[in-house]
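# Here's my sequence, what's the structure:
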Amino acid sequence: MSAPFPTSSTGCINVFWHEGMLSHDTGRGIFDSGMDPGFLEVLEKHPENSDRVRNIVSILKKGPISPYISWHSGRPANLPELLTFHTQGYVDMLVEADRNGGKELCSGTFLNPGSFDAALLAAGTTLSAVKHILDGHGKLAYALVRPPGHHAQPTQADGYCFFNNAGLAVQLALDSGCKKVSVIDIDVHYGNGTAEGFNRSDKVLTISLHMNHGSWGPSHPQNGTVDELGEGEGFGYNLNIPLPNGTGDKGYEYAMTQLVVPAVQKFGPDIMVLVIGQDSSAFDPNGRQCLTMDGYREIGRMVRSLADKHCGGRLLIVQEGGYHVTYSAYCVHATLEGVLNLPLPLLSDPIAYYPEDEAFAVKVIEVIKQYQRNNVPLLKEA
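Below is the predicted model:
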């Protein structure tokens with residue numbers, strides 16, 4: 001389908017990107033281990049490789065959504081910016097590791113030559129994207145970045161992430177006068193780093209929809225369970241929605257309708273951040289949540305509606321995971337179609353129908369809803 005030109009009701013998305021982020025080489029091996037067992041003829045690329053992002057850039061430049069895209073160049077973050085979220089000791093450790101030629105920071109997370117510069121670009125590009133919104137130059141901005149960031153905690157790397165790109169953007173929004181920021185994270189893994197960074201804040205509502213994977217070791221001590229609600233003044237402002245495998249399009253829509261929308265409405269943010277990862281798709285090697293293009297499109301539409309209603313349409317989108325080199329690009333395209341609130345899909349799903357049964361997911365979501373109503377002050381009267 002050919003794309004109509006943008007109108008005042010759809011707008012355009014300002015995409016922030018820098019090709020220097022492709023210099024992060026994560027290597028080859030068995031999945032994300034970097035290990036060569038010695039008996040395989042073909043070693044696969046690490047899932048977080050540059051090909052996945054090359055295809056996202058390509059589909060946005062050449063696909064039917066291209067008339068709705070305005071491109072902007074990213075830039076590296078500087079040290080004072082990094083220290084708004086991360087500790088000096090952690091940043092110093094990364095600098096030293098880079099100076100010494102790199103190291104494996106934790107399982108699957110490799111700082112190789114070129115990785116540190118790419119991570120600086122990812123952080124700075126995300127900051128440029130949110131500043132574009134804060135300065136009034138546009139309402140919709142998408143930080144198309146790698147390496148990803150939402151697992152990076154103030155003091156440590158985790159899950160392919162070095163700097164918490166979304167967390168840095170949230171802090172800049174707060175420092176620039178925003179009183180409340182909502183974060184909705186739909187990556188298949190728990191956005192533990194972002195949650196940890198604002199664990200004691202009542203100014204940031206972090207909501208994460210993820211598969212129920214629990215902790216995966218010292219770099220990721222958080223479980224992502226419903227009872228991790230934040231601490232102190234931040235109690236009740238971290239909402240985890242651990243979903244069963246195979247939740248699918250209808251299950252995610254139900255979770256958004258029953259859990260996410262009411263929480264954001266109660267909170268009333270000044271700006272919203274949508275953290276996207278296409279590893280929640282039906283065909284991703286890192287996830288089993290069975291979302292298709294239709295599901296991502298609907299999530300994008302629902303989040304855009306929330307942004308229009310509560311914060312004048314101000315919405316930052318930050319790229320995280322998504323490891324199927326082809327389908328992730330299609331799902332990004334669909335997500336942005338939804339954010340643009342286009343009346344009809346611009347792209348058909350190349351993999352098409354995937355059977356789903358949301359019945360179990362609905363039961364789980366109802367249990368989570370009741371738990372939140374009983375334990376989250378913000379939602380007790382919902």
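# Kindly list the longest strand within the protein.
Longest strand in the chain by number of residues, with DSSP state E as the criterion: strand 204-211.
# Now do it: which elements does it pack against?
Secondary-structure packing of strand 204-211 (3 or more Cβ pairs under 8 Å, 6 or more residues apart in numbering; DSSP states H and E): strand 181-185, helix 192-197, strand 238-243, helix 261-267. Bear in mind the C-beta positions are built from the backbone N, C-alpha and C, glycine included.
# Just send those back as a markdown table, with distance to V204 too.
Below are the helices and strands packed on strand 204-211 laid out as a markdown table (distance: least, Cβ to Cβ, whole Å):
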| stretch | distance to V204 |
| --- | --- |
| strand 181-185 | 5 |
| helix 192-197 | 8 |
| strand 238-243 | 9 |
| helix 261-267 | 9 |
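# okay if I get the ones you listed as CSV plus mean neighbour count, mean pLDDT and distance to S328?
Below are those laid out as CSV (neighbours: other Cβ atoms under 10 Å; pLDDT from 0 to 100; distance: least, Cβ to Cβ, whole Å):
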stretch, mean neighbour count, mean pLDDT, distance to S328
strand 181-185, 27, 98, 16
helix 192-197, 28, 98, 21
strand 238-243, 25, 98, 19
helix 261-267, 18, 98, 26
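# can you dump the C-alpha coordinates of the longest strand of the chain into PDB?
C-alpha atoms of strand 204-211 as PDB (Å, rounded to 0.1, in the frame of the first residue of the first chain):
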ATOM      1  CA  VAL A 204       8.600   8.300  37.500                       C
ATOM      2  CA  LEU A 205       6.000   5.600  36.900                       C
ATOM      3  CA  THR A 206       7.800   2.600  35.400                       C
ATOM      4  CA  ILE A 207       5.600  -0.100  33.800                       C
ATOM      5  CA  SER A 208       7.200  -3.200  32.300                       C
ATOM      6  CA  LEU A 209       5.400  -5.900  30.400                       C
ATOM      7  CA  HIS A 210       7.700  -8.900  30.100                       C
ATOM      8  CA  MET A 211       7.800 -12.700  30.100                       C
END
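# So what's the gap between that strand and the chain middle?
10 Å (Cα atoms, centre = their mean, to the nearest Å).
# That strand to strand 181-185, inter-axis angle?
Angle of strand 204-211 versus strand 181-185, following axes from the mean of the first three to the mean of the last three Cα atoms, to 10 degrees, is 10 degrees.
# what lines up beside strand 204-211 in the sheet?
strand 181-185 (parallel), strand 238-243 (parallel) (DSSP bridges).
# Who are the contact partners of the residue nearest to H46 when sequence neighbours are not counted?
Counting by Cβ to Cβ, 6 or more residues apart in numbering, H46 lies nearest to T26, which is 3.5 Å off, once chain neighbours are set aside. By Cβ atoms under 8 Å, 6 or more residues apart in numbering, the residues touching T26 are D32, K45, H46, E48, N49, F110, N112, S115, Y160.
# Contact partners for the residue nearest to the last one when sequence neighbours are not counted?
Meaning Y160. Excluding the flanking residues, the one nearest Y160 by Cβ to Cβ, 6+ apart is E48, at 4.4 Å. Applying Cβ under 8 Å, 6+ apart, we find E48 in contact with T26, D32, R146, P147, P148, Y160, G321, Y323.
# Which pair of those spans the longest distance?
Farthest apart among the contacts of E48 by Cβ to Cβ are D32 and R146. That separation is 14.2 Å.
# Quick check on those two: which one has the bigger neighbour count.
R146 (26 against 23; other Cβ atoms under 10 Å).
# Show the backbone phi and psi for that one.
phi -150, psi 150 (degrees, to the nearest 10).
# looking at it, it is touching H24, isn't it?
Yes - under the criterion of Cβ atoms under 8 Å, R146 makes contact with H24 at 6.4 Å.
# residues bridging contact with these two, i.e. touching both?
Common neighbours of R146 and H24 (Cβ under 8 Å, 6+ apart) are S50, A118.
# Contacts only, for V264.
For V264, the contacting residues are S182, I184, L205, I207, M272, L306, H310, by Cβ under 8 Å, 6+ apart.
# rerun that using 7 Å as the cut-off
Counting by Cβ atoms under 7 Å, 6 or more residues apart in numbering, V264 makes contact with S182, L306, H310.
# ditto for A123
A77, L82, F163, N165, L168.
# Can you give me the end-to-end span of stretch 303-321?
Chord length of stretch 303-321, first to last residue, is 19 Å (Cα to Cα, to the nearest Å).
# what comes into contact with that stretch?
126, 129-130, 133, 139-145, 148, 150, 165-166, 169, 184, 187-189, 261, 264, 268-279, 286, 338-339, 341.
# Let's see which of these end up in strands.
L140, A141, Y142, A143, I184, I271, M272, V273, L274, V275, I276.
# wait, doesn't the third one sit right on C12?
No - with contact taken as Cβ atoms under 7 Å, Y142 and C12 are classed as non-touching, separated by 10.5 Å.
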